[in-house]
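S.K.: need coordinates for the following:
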Amino acid sequence: IKMGFNGVKANWIIVARIGWIVLTGILLAMLILGVPLRFNELKTVCNASVCPVMSLSAAEIAYLDTTSFSMNGYAIYHMALELVGALLALVITLFIFIKAFHNSMGILAAYALETLGLYGMINMDNAFANQFPQFDLLRSLITQINGWTLLLILFIFPNGRFVSRLMRWLYLACGLFLLLDPFLIQIGLLSKGYGTSNLLIFLYLVMIIVGVGSQIYRYRNRSTVLEQQQTKWVLMGFISLMFSISTWIIFVELSPPSPGQNQLLFNLFVFAIMYPAWYFFPISLLIAVLRYRLWDIDIIIRRTLQYSLLSGILAAVYFLTVALSQSVITAVGGQPSNLVIVISTLLIAILFNPLRTRIQTLNNRRFYRSSNDAQA
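M.R.: Numbers count the residues shown, from 1 in each chain. Got it, this is the predicted structure:
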């Protein structure tokens, strides 16, 4: 039997291709059928105790009426964020399917990106399942496939092998539980949490930590120079993905903002950051799988550290300045002043360049001393 890269047999590649085509067809059908249902959810006022994600209550509608957004505009805005991500994932996974489906990493990347982009990071499937509950088990199985492939990438990237037998058995045990979870929920043995059982959520988080640890060990002790560059791309993309997922779980599922203005502002602005953050994951995975060197990942990491720290410090300074000044002015004059916001904004503008230069110098000295010495 003809062998492909990373020991993938040709007949298994054919099976994987057929499975990918079938799964993609199912996901596209659910997405297309769910688009009008999801659009209707977003542009309809929800008065129920449990509302679809990001749908608006009367409190949010009252504040929305004071802005330039309409209900249709709000719905189109969120649909666009989700569909851009779905289209990006579809284009990238099609490219991987054509160019890199001859090895285990290409196959895994294609399955992970199609389930994540056409299902995991959009809400059309929820609208579809709410309308057709008989497909709820299928939806749960697709959730597990997505989790299974993402974890496997984390454990065996970039050479297709586990770092030890212990890692292999841990992953196989978790993978078996992932596949059994929907059935255990259906028969009542496990309680349902965020789409899956609470036990599986905890197990999945533990396995992510273990997987990241195995990648760090592999990077330091096993990887070649090229594999180290690939690993940096994947870990950067995975961190970006985890930021998006964590934001969703914490602020949408576990501790949502208060109804009204806070909830609406969160829906409008935080999601504009969360979705682009996850867009980076499929791009980074594509670059890593195809071994492209179009950009220097070290520069991206350096700039990410620099501007993340800069943004955090400036945001803290701004909000502390506004909060403390408004408290003092309110205590003295009895009402807040817009002048405080203007002064705080000017302060941030003055601090930006000096602070950026200082952070850049510290970042280079701490993390990139050897490259700086070499350049000198």
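S.K.: element containing the residue most central in space within the chain, please.
M.R.: Nearest to the mean C-alpha position of the chain, by C-alpha atoms, centre = their mean, lies residue 241 at 2.8 Å. Assigned by DSSP states H and E, residue 241 belongs to helix 225-248.
S.K.: other SSEs contacting that helix?
M.R.: In terms of contacts (3 or more C-beta pairs under 8 Å, 6 or more residues apart in numbering; DSSP states H and E), helix 225-248 is packed against helix 198-221, helix 271-290, helix 297-333. In short, each C-beta sits where N, CA and C put it, glycine included.
S.K.: with just CA atoms, put the next helix or strand after it into CSV.
M.R.: Next along the chain after helix 225-248, taking DSSP H and E as the criterion, comes helix 261-265. Provided in CSV are the C-alpha atoms of helix 261-265 (Å, rounded to 0.1, in the frame of the first residue of the first chain):
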residue,chain,number,x,y,z
GLN,A,261,-26.6,49.5,28.1
ASN,A,262,-23.8,47.2,29.3
GLN,A,263,-25.1,44.2,27.5
LEU,A,264,-25.6,46.0,24.3
LEU,A,265,-22.2,47.7,24.4
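S.K.: hang on, the residue nearest to the centre of the chain packs against residue 278?
M.R.: Yes. The criterion here is C-beta atoms under 8 Å, and residue 241 meets it with residue 278 at 5.4 Å.
S.K.: ok, back up a step: return the set of buried residues in the helix holding residue 241.
M.R.: By 16 or more other C-beta atoms under 10 Å, the buried positions in helix 225-248 come out as 227, 229-238, 240-245, 247-248.
S.K.: need the contact list for residue 242.
M.R.: By C-beta atoms under 8 Å, 6 or more residues apart in numbering, residue 242 lies in contact with residue 208.
S.K.: how much space separates it from residue 72?
M.R.: According to C-beta to C-beta, to the nearest Å, residue 242 stands 33 Å off from residue 72.
S.K.: again with residue 137
M.R.: 34 Å.
S.K.: out of the helices and strands packed on helix 225-248, name the one with the poorest average pLDDT.
M.R.: Mean pLDDT across the helices and strands packed on helix 225-248 is lowest at helix 297-333; the value there is a mean of 63.
S.K.: what sits against residue 313?
M.R.: 355, 359.
S.K.: let's go with 6 Å and repeat that
M.R.: Not one residue lies near residue 313 by C-beta atoms under 6 Å, 6 or more residues apart in numbering.
S.K.: got the buried residues for stretch 33-48?
M.R.: Here stretch 33-48 shows 33-35, 37-39, 41-43, 46 as buried, counting by 16+ other C-beta under 10 Å.
S.K.: for stretch 204-215, same thing?
M.R.: Neighbour counts over stretch 204-215 (16+ other C-beta under 10 Å) mark 204, 207-208, 210-212, 214-215 as buried.
S.K.: same question, stretch 11-29
M.R.: For stretch 11-29, burial by neighbour count (16+ other C-beta under 10 Å) applies to 13, 16, 20, 23-24, 27.
S.K.: now residue 54. Its backbone dihedrals?
M.R.: Dihedral pair for residue 54: phi 70, psi 0, per degrees, to the nearest 10.
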